[in-house]
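# need a 3D model of the following:
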Amino acid sequence: QTCALPISKLFNTKGARSTTLADVASRLGLTKTSLYYYVATKEDLIYQCYDANVRQAHTQLDTAERASDAPLERLLLFLESQIATTLRSLDGEGDFYAAPLEVASLASEHRQALEADYRRLLRRLIDLMSQGIAQGDIKPCNPVVTLRAILGALDWSFYWLYEMPREDAASVSHALKDLFSRGLDRKSTRLNSSHQ
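Numbering: from 1, shown residues only. A predicted model of the protein is given here:
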């Protein structure tokens with residue numbers, strides 16, 4: 001896989017556009033000439049890293065959908081898996097993929113391919129949330145706005161998790177699951193209103 005953990009960290013902390021191929025080669029312990037054996041241009045490398053991110057998200061959602069029939073539980077499992085990936089990466093374990101924060105800087109062909117795949121992911125998540133609302137398990141809300149807010153927070157999680165003490169970061173997944181479930185679960189609204 002071309003987009004290794006050190007490259008992802010570079011893109012996420014320094015920015016994809018600000019990172020040079022010399023930075024990448026140095027981080028990987030390669031010469032710049034050797035790096036060209038694996039990747040033709042920096043733009044191609046950025047695309048590969050962003051594409052890996054979106055493909056991983058689809059895979060995680062596939063896993064969540066196999067694990068549960070309940071839309072809210074599927075959403076929470078997906079969100080947990082995203083945070084777990086980031087936490088593992090901070091420990092230097094597993095895979096981590098560059099957050100696709102600079103898609104607009106890509107060439108038209110790459111940008112359009114990524115945007116189409118990201119829209120497909122967003123559509124899947126919106127459908128899950130809409131199902132949960134229709135079934136009465138998720139509070140009535142605007143699914144598009146709600147999911148964009150949640151996904152935006154996840155895209156930046158590498159920064160705020162990196163800054164936290166490791167023992168605090170380890171509890172983030174549970175805290176977010178609790179926050180999202182209380183915020184989205186319609187039953188929590190009924191429970192709260194009955195105690196007022």
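# C-alpha from now on. contacts and neighbour counts both.
Noted.
# so what's Cys141 up against?
Contacts for Cys141 (C-alpha atoms under 8 Å, 6 or more residues apart in numbering) come out as Ile133.
# could you measure from it over to Asp44?
38 Å (C-alpha to C-alpha, to the nearest Å).
# could you pull out the helices in the protein for me?
Ranges of helices in the chain, per DSSP state H, are 5-14, 21-28, 32-35, 42-67, 71-90, 108-134, 143-155, 157-163, 166-169, 172-184, 186-194.
# got TSV for these, with mean pLDDT and distance to Leu101 too?
Formatted as TSV, these follow (pLDDT from 0 to 100; distance: least, C-alpha to C-alpha, whole Å):
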stretch	mean pLDDT	distance to Leu101
helix 5-14	74	9
helix 21-28	85	18
helix 32-35	82	23
helix 42-67	91	9
helix 71-90	85	16
helix 108-134	94	12
helix 143-155	84	8
helix 157-163	69	12
helix 166-169	72	22
helix 172-184	73	22
helix 186-194	52	32
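# mind putting the ones you listed into JSON lines with distance to Ala98 and mean neighbour count?
Shown next, in JSON lines, are the helices of the chain (distance: least, C-alpha to C-alpha, whole Å; neighbours: other C-alpha atoms under 10 Å):
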{"stretch": "helix 5-14", "distance to Ala98": "5", "mean neighbour count": "20"}
{"stretch": "helix 21-28", "distance to Ala98": "13", "mean neighbour count": "16"}
{"stretch": "helix 32-35", "distance to Ala98": "18", "mean neighbour count": "14"}
{"stretch": "helix 42-67", "distance to Ala98": "6", "mean neighbour count": "19"}
{"stretch": "helix 71-90", "distance to Ala98": "10", "mean neighbour count": "20"}
{"stretch": "helix 108-134", "distance to Ala98": "13", "mean neighbour count": "17"}
{"stretch": "helix 143-155", "distance to Ala98": "9", "mean neighbour count": "14"}
{"stretch": "helix 157-163", "distance to Ala98": "9", "mean neighbour count": "15"}
{"stretch": "helix 166-169", "distance to Ala98": "19", "mean neighbour count": "12"}
{"stretch": "helix 172-184", "distance to Ala98": "19", "mean neighbour count": "15"}
{"stretch": "helix 186-194", "distance to Ala98": "34", "mean neighbour count": "12"}
